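Enquirer: Model the following, please.
(2 chains)
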Amino acid sequence: MERKEILVADKITKIYGIGTKALFEALHEVSLTMYEGEFVCIMGPSGAGKSTFINNLSIIDIPTKGKVFINGTEVRVMSEGQIGKFRYENLGFIFQEFNLLDSLTVFENIAVPLTLANVNKDEISTRVKEVARKLDVEQTLDKFPSECSGGQRQRVAICRALVTNPKLIIADEPTGNLDSKNSHEILSLFKELNEKEGVSILMVTHDAKIASYSTKLLYIKDGVIDRTIEREGLSQKEYFYKIVDINSSDSQELFE
Amino acid sequence: MGLIKLSFISLKKDLSKSIFYFLTFLLTTIFIFSFFNLTFNPGAHIHLGKDDTTFVTPIAVFVIIIAMVCVFLANNFYVSNKGKEISIILMSGASVYQLGIYLFLQVFIIMLFAIPLGCIFGYLLIPVINSVFASTFVYQGSLFYLADETAVATGAILAFEVFWCSLLNLGYCVRSTINAMIQEENKITISKSFGHISTFDFKSRRIQLSDKMCIVLYILPAIIFVFLKDAMSFLLFSLIGIIGIFGIIKNVLPNIIKTRQRSQSLENPIHLISLGFFHSDIQKVFSLLIIILLSSILLTCVTVYTLKQPLVSMVTLMSYISVMILMSLTIVFKIGMELNKRKKNFQNLCYLGYTLKQLKQIITLEMQLFYGLILFLPLIYQIIILLNLFLSQQITIFLMIIILVIQIVPVVISYFISIRLYNSIVPKSIIDER
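Expert: Next up, the predicted model:
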C-alpha cells in the first residue's frame, strides 16, 4: 500500500540576519519527506539547527528559501487566518516548557484549540474529559497548571495537542524538564499514540534513550542532515546503540 | 573600575528601568509638598496633629502611607529588576555592604533629580491649588503662601523614605541567594506585604459570607444612599458597601468567571482567554484594587461630610487626587510587570492558532473588564451620593464634576497606557520570524 506524505520539506534554507553584517545560515537546502504514521526524531549537537528545522517545518518560522508542504498544502502561500486555522486543525505542539496558560485551568487549557475550532461546549466538555482520561490527568481538570507536577503539566500539554485529533504532533524537547520516570511514561505514550492511533510525530531531543522510541532518526549537523537511520526491524536496544554511535562519532573524530 | 563608577554607568544604561521609580518619587514629592503646604497654611485654619478635631490628621496619615506604599513598590520593582546585575556583582566578590552602597547611590541619584523637581512643581502648584480652593470654597489667604514648615516636613518624610528604601534594598541583597536573584525570584510583592488583607477569607470559619450576601452588602448601601440626607450616614453605609466590594472581588467575581468559562465562554476563543487573564489580574493586584476602591469611596464620603469645613474638604479632595494618580500609576506598572510573562503566552496562543486580530481583541476585553471594575464599583456609589446631595442643593455641580473627574480621568488614562503597553508585547507576526 502506498504511504501518504504528511510533511514535505523541499530544499529549505534558513538565513538569519539578512540585511545585517551578521549573516548566519542555520539550515542549508534541507529536504525531508515524512509519511503518515511515522515517528521521526531529530538529533544533533547544540547549534546544529534542530529547533530551526522543526520551527520551519511546523510554520512557527518560515524558510528563507525552499518550500514546506503539510498534507499537500504549501504553507508559505497561506494568509494569517489560514495559518491560524491550519495550526489548530492539523498540528499539535508540545514544548519543553509546557507552554500552558497559568491563568486558565487544566480543563480550559486543553479546550483552547477546540474553542478556536468553533466546537460546541458540550462536545468540548466530552472531548476534553475523554483525552484527559486517556492521559490520566482527569483528576487535575479543575486545577491551575501551577498546582500540577511537571509530569502532569506535560501530560496536559499533550492532551491539548491531541484534543483536535491533529495530523501531526510537533514536539521540541518534550522531556527536557522531566525526570527519567516521567520521560519514559511520556515517550511510551507517544509510542502508543503512534502505533495504535497512527498519529505522526516529529520530535527534537538531545537524549539517545528518548530518541530510541522513534521509527526514524535524522542527525543534523551544521545546518544539513548529516545522517539518517531507520529503525526497521531493529529492537529498541539495538536502535539505541546505533543512535549512541552516531552521537559519539563527533567526539571520536576529535581524538583521532 | 570602582563600584561607584559602575553604579553611575549602570544607572545611565538602564534609564528606562528607572522611569517608574523616578515618576513615583516625583509625584510623591509633589503631593507631599502640596499637602503639607496647605495644611500648614494659617489661612486654612487646619490643625494637623493633637488639636485636630477634623478628619485631616487621619487623612494625612492615609495619604502618606499610600505614597510610601507606591514608593516601596517602585523601589522593589527597580531593585528586583536588577537581580542579575546584583548577583554578578556579588559573584565578583563584592560584599553586601558594597552592594548596599552601589544600590543606595543609584536610588540617591534618582531622588536627587526627582525631589527638587517635585518641590519645584509643588511650589508652582501652590497658586493653582489655592485658586481652585478659592473658587470652590471660602478662602481668603495669600494665593502664593509657602509655609516654612512645608520644606521641613516634606524633607523629613522623604528622608525617611530614602532610609527605608536603602534598608529594604540591603535586606534584599542579604536574604536573596545569587541563584534566586538571577531567576528574579524572591521579589517583595504588595500582596505579601499586605498578606493579612488577602488572607482575610470570607469562606473561612471566622466570617462566612456567601456570594449572594456579598452582592447584597454592595447593593444595599447604594439603595439606602438614595434616601439619605445626612452626609455622615453616607460614610457609615459605605463601610458596609466596602465589605461587599471586598467579597465581590475576592470570591464572587472569580466564581462568576469560572462559571462563564465553563459555559458560554467555552465557545468563544476571545472570552475564554480574556476572562482567564482578567481573573489573574484581579489576583495579582488584589491589594491594590482594594486600596484604590476603598480610597475612592471613603474619600468621596469624607469630602461631602466635611463640606461645612471647606478647608478640610479641600485637603480631602487633594488627598483623593493624590491617591488616584499614585494608585493608578502603580496599578499600570504592576500590570506592566506581568506583561513579560504574557509575551510568552501570546506567542503560545499564536502557535495554537490565534491570529493577531484575536490577540488584540483579547487585550481590549481584558483591559475593559479590569479598568471597568476599578471605575464602576465605586462610581455607582459616587453618582448616587453626589446626585442626592446636588438635588438637595448641598453641593454645587462644580464639586460634583470635580469628584467624578478625579475618579474617571486617572482610570481612563491608565486604561489607554495599559493597552499601549500591552500591544507592544503582541508578536508582530504569527510567524515567529527572527
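Enquirer: What count of nearby residues applies to residue 145?
Expert: All of this refers to chain A. 20 (other Cβ atoms under 10 Å in any protein chain shown). To be clear about C-beta, it is placed using only N, CA and C from the backbone, and glycine gets the same treatment.
Enquirer: wait, chain B
Expert: Residue B:145 has 17 nearby residues by other Cβ under 10 Å.
Enquirer: ditto for residue A:130
Expert: For residue A:130, the neighbour count with other Cβ under 10 Å is 12.
Enquirer: Give me the longest helix you can find in chain A.
Expert: In chain A, with assignment by DSSP state H, the single longest helix is helix A:236-255.
Enquirer: how about that helix: buried residues?
Expert: A:239, A:240, A:242, A:243, A:246, A:247 (16 or more other Cβ atoms under 10 Å in any protein chain shown).
Enquirer: go on, stretch B:259-277?
Expert: Quick answer for stretch B:259-277 (16+ other Cβ under 10 Å): B:261-262, B:265-277.
Enquirer: Considering only these, which also neighbour chain A?
Expert: The subset of the buried residues of stretch B:259-277 lying close to chain A, counting by Cβ under 8 Å from any Cβ of the partner chain, consists of B:261, B:262, B:266, B:267, B:268, B:269, B:272, B:273, B:276, B:277.
Enquirer: can you tell me which two in the residues you listed are farthest apart?
Expert: For those, the farthest-apart pair by Cβ to Cβ is B:267 and B:277; their separation is 18.1 Å.
Enquirer: Just give the nearest non-adjacent residue to the closest residue to chain A within the stretch 301-434 of chain B, would you?
Expert: As assessed by Cβ to the nearest Cβ, chain A sits closest to residue B:353 within the stretch 301-434 of chain B, at 3.3 Å. Spatial nearest neighbour of residue B:353, chain neighbours left out: residue A:88 (3.3 Å); criterion: Cβ to Cβ, 6 or more residues apart in numbering or on different chains.
Enquirer: Now the element after the helix or strand harbouring that neighbour, going C-ward?
Expert: In the assignment (DSSP states H and E), residue A:88 maps to helix A:80-90. Downstream of helix A:80-90, the first helix or strand assigned by DSSP H and E is strand A:91-95.
Enquirer: Can you get me the start-to-end distance on stretch B:385-397?
Expert: Start and end residues of stretch B:385-397 are separated by 13 Å (Cα to Cα, to the nearest Å).
Enquirer: Show me the helices in the stretch 301-434 of chain B, by range?
Expert: B:310-352, B:356-391, B:397-423 (DSSP state H, counting those that start in this stretch).
Enquirer: how about TSV for those, with mean pLDDT and distance to residue B:16 added?
Expert: Listed next are these as TSV, based on pLDDT from 0 to 100; distance: least, Cβ to Cβ, whole Å:
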stretch	mean pLDDT	distance to residue B:16
helix B:310-352	84	12
helix B:356-391	93	22
helix B:397-423	92	12
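Enquirer: Dump those to TSV, plus mean neighbour count.
Expert: Below are those laid out as TSV (neighbours: other Cβ atoms under 10 Å in any protein chain shown):
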stretch	mean neighbour count
helix B:310-352	21
helix B:356-391	19
helix B:397-423	17
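Enquirer: among the buried residues of helix A:236-255, which two are most distant?
Expert: Most distant of the buried residues of helix A:236-255, by Cβ to Cβ, are A:239 and A:247, 12.8 Å apart.
Enquirer: ok, and the closest non-adjacent residue to the most centrally placed residue in chain B?
Expert: Nearest to the geometric centre of chain B sits residue B:327, at 1.5 Å (Cα atoms, centre = their mean). Distances taken as Cβ to Cβ, 6+ apart place residue B:292 nearest to residue B:327, at 4.2 Å, with adjacent residues excluded.
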